[in-house]
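# Can you look at this prediction? I've put the sequence above it.
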Amino acid sequence: LVIATPCPLLIAIPVAIIGSISLSAKRGIIIKNPSVLEQIDDCTVMILDKTGTLTYGRPRLTEIKYFNGFSREDALKYAASLEHYSRHPLAGAIIEAAQKARLAFSNVNEISEPAGQGLKGTVNGHEVMITSRRKLIAQGQQEALRGIPESGGLECLVTVDGKIAALLRFHDEPRQEGKFFIDHLNPRHNFKKVMIVSGDRESEVKYLAEQVGISEIHAGKSPEEKVEIVREETKHAKTIYLGDGINDAPALATATVGIAFGQNSDITSEAAGAVVMESFLGKVDELMHIGRRMRAIALQSAVGGMAVSVLGMIAAALGFLPPVAGAITQEIIDVFAVLNALRAAVPPKDLTDFEERS
């Protein structure tokens with residue numbers, strides 16, 4: 001009975017978890033929910049946001065088309081004044097363009113940004129809205145959009161007092177490491193399905209998907225629709241959702257493992273189980289390897305320690321191990337189990353198979 005204690009099981013696993021959380025923090029990954037480390041290696045479906053995740057999230061304003069008697073300066077001034085209060089990835093590009101044009105910001109009142117609906121506000125007494133083509137079509141403005149050609153890139157529309165004032169077009173570069181990250185998910189981590197779920201237009205999402213090698217896309221999705229897609233996928237397999245925006249927060253909370261990418265939003269970080277502080281896909285790979293390594297070390301310590309304890313029990317039952325020697329042996333087993341578990345906190349030589357080839 002002296003040697004038949006489950007100490008390796010009770011002590012080694014928590015030590016391995018704490019060690020892996022510590023290692024993750026050193027690598028710029030904050031673990032908010034320890035179950036992330038346990039479950040991440042079992043996930044076989046990767047769901048990714050587009051803007052800011054597979055792209056750098058630093059779009060540049062490349063073209064402005066203006067309509068209904070509005071000038072380029074007027075349209076840009078209205079848009080920049082309103083976007084000054086938004087954290088959307090396109091906001092920075094609009095503000096930067098206005099600053100380069102030396103345009104002064106106007107006073108804005110009654111600002112609102114309903115999820116997936118665009119940005120609204122009153123600028124100098126005019127009702128201004130920045131939204132997508134799809135939302136305007138849903139509002140019955142097909143006729144007003146008839147003469148405005150579509151493109152394959154990022155775009156948004158600015159309306160002033162219900163009239164379309166401008167079409168703004170942007171360009172956002174895909175991440176350099178994106179294609180290799182996607183390509184290595186199946187052979188190195190056994191992912192069976194990889195998909196993009198985005199609120200952007202289908203042409204934009206399809207263009208990026210072709211560049212990084214993803215065949216399944218879901219474009220033009222609201223936060224609620226993202227949640228439904230994630231929930232449906234999670235019914236059939238464990239899922240990882242990787243996103244960086246406020247609109248991704250509900251989906252992050254729904255997935256088996258939610259990973260917030262970067263430090264763009266406190267809301268996103270709060271909803272996720274883990275937060276990758278550096279916006280580099282290699283860090284996501286590191287997190288997956290840390291989780292895999294933690295499970296291996298925890299099992300080594302717990303199962304190995306319990307196996308030795310069982311052998312000790314057999315020896316004691318046969319009379320080869322007196323009580324005092326049994327107690328000492330159990331303490332030695334515990335020490336070795338904990339020392340092995342502490343390896344989880346020590347960075348291995350190769351923590352990832354990603355950076356060396358990115």
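Structure's in. What do you need?

# Strands of the stretch 1-150 of the chain, residue ranges please.
Applying DSSP state E, counting those that start in this stretch to the stretch 1-150 of the chain gives strands spanning 29-31, 45-48, 60-66, 108-112, 119-123, 126-131.

# Could you point out which of those strands sits nearest Gly245?
Gly245 sits nearest to strand 45-48 of all these, at 12.0 Å, using C-beta to C-beta. From N, CA and C alone the C-beta is placed, and that goes for glycine too.

# buried set for stretch 21-34?
21, 23-24, 27, 29-31, 34 (16 or more other C-beta atoms under 10 Å).

# In this model Ala219 seems to touch Met195, though I could be wrong.
No: in this structure Met195 lies outside contact range of Ala219 using C-beta atoms under 8 Å: 10.9 Å.

# Just give me the closest of the buried residues of stretch 21-34 to Leu287.
Of the buried residues of stretch 21-34, the one sitting nearest to Leu287 (C-beta to C-beta) turns out to be Ile29, at 5.3 Å.

# Which strand residues bridge that closest one?
Beta-bridge pairing of Ile29 under DSSP bridges involves Val276.

# OK, contacts around the nearest residue in space to Val194 that is not next to it in sequence?
Nearest residue to Val194 in three dimensions, chain neighbours excluded: Met46, at 4.6 Å (C-beta to C-beta, 6 or more residues apart in numbering). Met46 is in contact with 185, 191, 193-195, 239-240, 242, counting by C-beta atoms under 8 Å, 6 or more residues apart in numbering.

# With Ala315 instead?
Neighbour list for Ala315: Leu321 [criterion: C-beta under 8 Å, 6+ apart].

# now the one helix or strand it maps to: mean pLDDT?
Here Ala315 sits within helix 281-317, counting by DSSP states H and E. For helix 281-317, mean pLDDT rounds to 86.

# what comes into contact with the very next helix or strand once past it?
Using DSSP H and E, the helix or strand that follows helix 281-317 in sequence is helix 323-341. Residues from elsewhere that reach helix 323-341 (C-beta under 8 Å, 6+ apart): 2-3, 5, 7-8, 11-13, 15-16, 19, 297-298, 300-302, 304-305, 308-309, 312, 316, 321.

# change it to 7 Å
With contacts defined as C-beta atoms under 7 Å, 6 or more residues apart in numbering, helix 323-341 is touched by 2-3, 5, 7-8, 11-12, 15-16, 19, 297-298, 300-301, 304-305, 308-309, 312, 316, 321.

# ditto for stretch 125-144
Here stretch 125-144 has contacts from 78-79, 82-83, 117-121, 145, 156-161, 164, 201, 220, using C-beta under 7 Å, 6+ apart.

# can you rerun that using 8 Å?
With C-beta under 8 Å, 6+ apart as the test, stretch 125-144 has contacts from 78-79, 81-83, 117-122, 145, 148, 150, 155-164, 201, 220.

# Pull out the buried residues from those residues.
With burial judged by 16+ other C-beta under 10 Å, the buried subset of these is 78-79, 81-83, 118-121, 155-160, 164, 201, 220.

# Those residues in helices, which ones?
Among the buried ones among the contacts of stretch 125-144, the ones falling in helices (DSSP state H) are 78-79, 81-83.

# now the residues you listed in JSON lines, with distance to Lys50?
Below are those laid out as JSON lines (distance: C-beta to C-beta, whole Å):
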{"residue": "Tyr78", "distance to Lys50": "27"}
{"residue": "Ala79", "distance to Lys50": "22"}
{"residue": "Ser81", "distance to Lys50": "27"}
{"residue": "Leu82", "distance to Lys50": "23"}
{"residue": "Glu83", "distance to Lys50": "19"}
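
# Max pairwise distance over these: which two?
Taking C-beta to C-beta as the measure, those span a maximum distance of 9.5 Å, between Tyr78 and Glu83.

# Show me what the helix or strand bottoming out on mean pLDDT in the chain packs onto, helices and strands only.
Across the helices and strands of the chain, mean pLDDT, DSSP states H and E gives its lowest value to helix 7, namely a mean of 70. Identification of packing neighbours for helix 7 by 3 or more C-beta pairs under 8 Å, 6 or more residues apart in numbering; DSSP states H and E yields helix 323-341.

# which stretches of the stretch 201-350 of the chain aren't confidently modelled?
By pLDDT under 70, the weakly predicted segments of the stretch 201-350 of the chain are 317, 326.
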